[in-house]
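Colleague: Attaching a predicted model along with its sequence, questions to come.
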Amino acid sequence: MEINGGTLKAHAEQVGLTYHERRAGLHLFMIFQYGLGWRTSFQVIKSLVQGQSISGGKAMTRHLTMVLIATTGIQNQACTRVTCGTGTVLADKVCEVAEQDVGTLECGPGTFEEDGECVGDQRFAVRCPAGTVLRDDVCIPWNYDEWLNMPFPNGDNNYYVSQGHHGYFSHNGSSLYAIDFPLSEGTPFAAVRAGRVIKYREDSDTGCELPECANQANYIEIDHGDGSLGRYWHLEYDGVDVEVGDWVNRGEVLGRTGNTGFSTGPHLHLEVTDLYRMSVPVLFRELKDISDGVISAGMWIKSENIEVKSAEQPFYECARETFLHMGVALEPGTPCTVATIGQNYTVSGQVVELNPPLMAIINRYDVEAGEWMRTCVNTDEDGRFEAELSFPAAERANILIAKAGGDCWAVQGWSSSPRLTLIP
């Protein structure tokens, strides 16, 4: 490969790159540090591997050299190999999308497969600017933190979007970021992300065009393992192919669409929610180069959702920060999506910024009793606490943990709390 007729090493020396700068080419973040974006870098690299020359001033050629170094790897002052990213393979000196099958382990950005497990690769750590998060090697606004595939098996069919985010008819309130796909009854649908099945219903064969029929819908809910849940609604009678506790891969068929519940016609209602069952914005990989991943009503979209094997995870536990807004930092062990009926859970953590730290209050909403049950726990001098918690037989329960004064009353009330599905 040449740049203005010089070899890579010679050109690197020509523009004044030090040995340590050439070694730094192993780190992809040098691309960002030297001001060249991913798309521009890709076009430059593509031209170079095709034998074309790249011209420009000293600053530009320095940038181009850093891009080339970052993608080929300069070590001991010599060219080594091209390192392709997750989901790509090297073909004729170009990184192309690799075909994946069910037997492939899917590893996230910054990780690679080793002995059947996903392990971190610190050489390619990408640091995103403030207000953004890394998803599929792209830094995106923090509130768009869910990259999905279309909820249908990979194939030649195009799927229509009848109602998207903020839809006037019914996508408001907790379903603000839901999406509707009109389909014939019995159409197979697939998981948009891997996860574990929390609950489902398939015994309903009724529905209507009024909100009063909402509780007649068949559905599936899946725990993604990161505090988000995938929800698929309006399924046909006996239209669920999974069981509670099953691990499902992205792209795996879950069941068949229908017309149950609050529905004006056969369709699939999809939404991703947080722990409070509030829908969150999502992006679709199929639309990355069309609309930056954003879906909208009126689109026809072809699914590229190939089933990919993923490392299994347990049901999601509350994170340290789950109840920080209520003044409590949790330690691992508190269930946040699913709890086993009658099992004892150790709830522990630390009350923050209460002087003196007197008490923590563990609130459990009993659906059958229709009221909150509270457990008051004294803290030590550092604000730490520990208590046992269990759930009686019921369909679901809510949990809320807060700091409290000596009278065992939370420092503030709450409008919502994580909902637990209770299983035998």
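Modeller: Structure received.
Colleague: Mind jotting down where the helices sit in the stretch 251-400 of the chain?
Modeller: Residue ranges of the helices in the stretch 251-400 of the chain, as given by DSSP state H, counting those that start in this stretch, are 288-291.
Colleague: any low-confidence regions in it?
Modeller: 354-357 (pLDDT under 70).
Colleague: Strands of that one, start to end?
Modeller: For the stretch 251-400 of the chain, applying DSSP state E, counting those that start in this stretch gives strands covering 253-257, 261-262, 267-273, 283-284, 300-302, 328-330, 338-340, 345-351, 359-366, 371-378, 384-389, 396-404.
Colleague: could I get those as JSON lines with mean neighbour count and distance to Glu209?
Modeller: All C-beta atoms are positioned from the backbone trio N, CA, C, and that covers glycine. Listed next are the strands of the stretch 251-400 of the chain as JSON lines, based on neighbours: other Cβ atoms under 10 Å; distance: least, Cβ to Cβ, whole Å:
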{"stretch": "strand 253-257", "mean neighbour count": "22", "distance to Glu209": "17"}
{"stretch": "strand 261-262", "mean neighbour count": "20", "distance to Glu209": "8"}
{"stretch": "strand 267-273", "mean neighbour count": "22", "distance to Glu209": "12"}
{"stretch": "strand 283-284", "mean neighbour count": "23", "distance to Glu209": "28"}
{"stretch": "strand 300-302", "mean neighbour count": "13", "distance to Glu209": "25"}
{"stretch": "strand 328-330", "mean neighbour count": "22", "distance to Glu209": "43"}
{"stretch": "strand 338-340", "mean neighbour count": "19", "distance to Glu209": "33"}
{"stretch": "strand 345-351", "mean neighbour count": "20", "distance to Glu209": "42"}
{"stretch": "strand 359-366", "mean neighbour count": "21", "distance to Glu209": "32"}
{"stretch": "strand 371-378", "mean neighbour count": "14", "distance to Glu209": "35"}
{"stretch": "strand 384-389", "mean neighbour count": "16", "distance to Glu209": "42"}
{"stretch": "strand 396-404", "mean neighbour count": "22", "distance to Glu209": "27"}
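Colleague: could the ones you listed go into CSV alongside distance to Val244?
Modeller: Converted to CSV, the strands of the stretch 251-400 of the chain look like this (distance: least, Cβ to Cβ, whole Å):
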stretch, distance to Val244
strand 253-257, 13
strand 261-262, 20
strand 267-273, 18
strand 283-284, 27
strand 300-302, 30
strand 328-330, 25
strand 338-340, 8
strand 345-351, 19
strand 359-366, 21
strand 371-378, 25
strand 384-389, 21
strand 396-404, 13
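Colleague: Glu252 reaches Ala191, doesn't it?
Modeller: Yes: using Cβ atoms under 8 Å, Glu252 is in contact with Ala191, at 5.2 Å.
Colleague: who's more crowded, those two?
Modeller: Ala191 (26 against 20; other Cβ atoms under 10 Å).
Colleague: Let me see the contact set for that one.
Modeller: Pro151, Ile222, Gly230, Val248, Asn249, Arg250, Gly251, Glu252, Leu254 (Cβ atoms under 8 Å, 6 or more residues apart in numbering).
Colleague: Then Ile179?
Modeller: Per Cβ under 8 Å, 6+ apart, neighbours of Ile179: Val161, Gln163, Gly164, His165, His269, Leu270, Glu271, Val282, Ile295.
Colleague: The nearest residue to Ala194 once chain neighbours are set aside - how many residues pack around it?
Modeller: Nearest residue to Ala194, sequence neighbours excluded (Cβ to Cβ, 6 or more residues apart in numbering): Ser310, at 3.8 Å. The local packing of Ser310 (other Cβ under 10 Å) involves 23 other residues.
Colleague: Next, give phi and psi for Ser310.
Modeller: Dihedral pair for Ser310: phi -130, psi 150, per degrees, to the nearest 10.
Colleague: Quick check: it vs Ala393, distance?
Modeller: According to Cβ to Cβ, to the nearest Å, Ser310 stands 32 Å off from Ala393.
Colleague: I'd like the domain boundaries of this protein, if you could list them.
Modeller: By the assignment in automatic domain parsing, the chain contains the domains 2-79, 147-302, 324-423.
Colleague: of the ones you listed, which approaches Glu114 most closely?
Modeller: Closest to Glu114 of those, according to Cβ to Cβ: domain 2-79, at 18.1 Å.
Colleague: Please enumerate residues in contact with stretch 203-212?
Modeller: 170, 213, 216-218, 234, 237-238, 259-264.
Colleague: 7 Å instead?
Modeller: Stretch 203-212 has contacts (Cβ atoms under 7 Å, 6 or more residues apart in numbering) with Cys213, Gln216, Ala217, Asn218, Tyr237, Asn259, Thr260, Gly261, Phe262, Ser263, Thr264.
Colleague: Save those residues as TSV, and put in distance to Ser291 too.
Modeller: Listed next are those as TSV, based on distance: Cβ to Cβ, whole Å:
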residue	distance to Ser291
Cys213	33
Gln216	34
Ala217	29
Asn218	31
Tyr237	35
Asn259	29
Thr260	31
Gly261	29
Phe262	28
Ser263	27
Thr264	26
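Colleague: Tell me which two in these are the farthest apart.
Modeller: Top of the distance list for the contacts of stretch 203-212 (Cβ to Cβ): Tyr237 and Thr264, 18.3 Å.
Colleague: can I assume Ala297 is in contact with Tyr160?
Modeller: No: at 9.0 Å, Ala297 does not count as touching Tyr160 under the criterion of Cβ atoms under 7 Å.
Colleague: My guess is the residue nearest to Ala194 contacts Val248. True?
Modeller: No: applying Cβ under 7 Å as the test, Ser310 and Val248 come out as separate, 9.0 Å apart.
Colleague: shared neighbours of those two, anything?
Modeller: Contact criterion Cβ under 7 Å, 6+ apart; residues shared by Ser310 and Val248: Ala194.
Colleague: Confirm that Ser174 sits in a helix.
Modeller: Yes: residue state for Ser174 (DSSP: H, G, I helix; E, B strand; the rest coil) corresponds to a helix.
Colleague: Could you check how far it is from Glu371?
Modeller: 23 Å.
Colleague: now swap in Lys199 and tell me
Modeller: 23 Å.
Colleague: ditto for Tyr219
Modeller: From Tyr219 to Glu371 the distance is 27 Å (Cβ to Cβ).
Colleague: Check Val244 too.
Modeller: Computed as Cβ to Cβ, the Val244 to Glu371 distance reads 27 Å.
Colleague: Pull the contacting residues for Leu254.
Modeller: By Cβ under 7 Å, 6+ apart, the neighbours of Leu254 are Phe189, Ala190, Ala191, Ile220, Tyr232, Asp241, Val242, Val248.
Colleague: Output the contacts of Ala191 in CSV, with distance to Asp289 appended to each entry.
Modeller: Conversion of the contacts of Ala191 to CSV gives the following (distance: Cβ to Cβ, whole Å):
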residue, distance to Asp289
Pro151, 20
Ile222, 27
Gly230, 24
Val248, 27
Asn249, 25
Arg250, 20
Gly251, 20
Glu252, 25
Leu254, 27
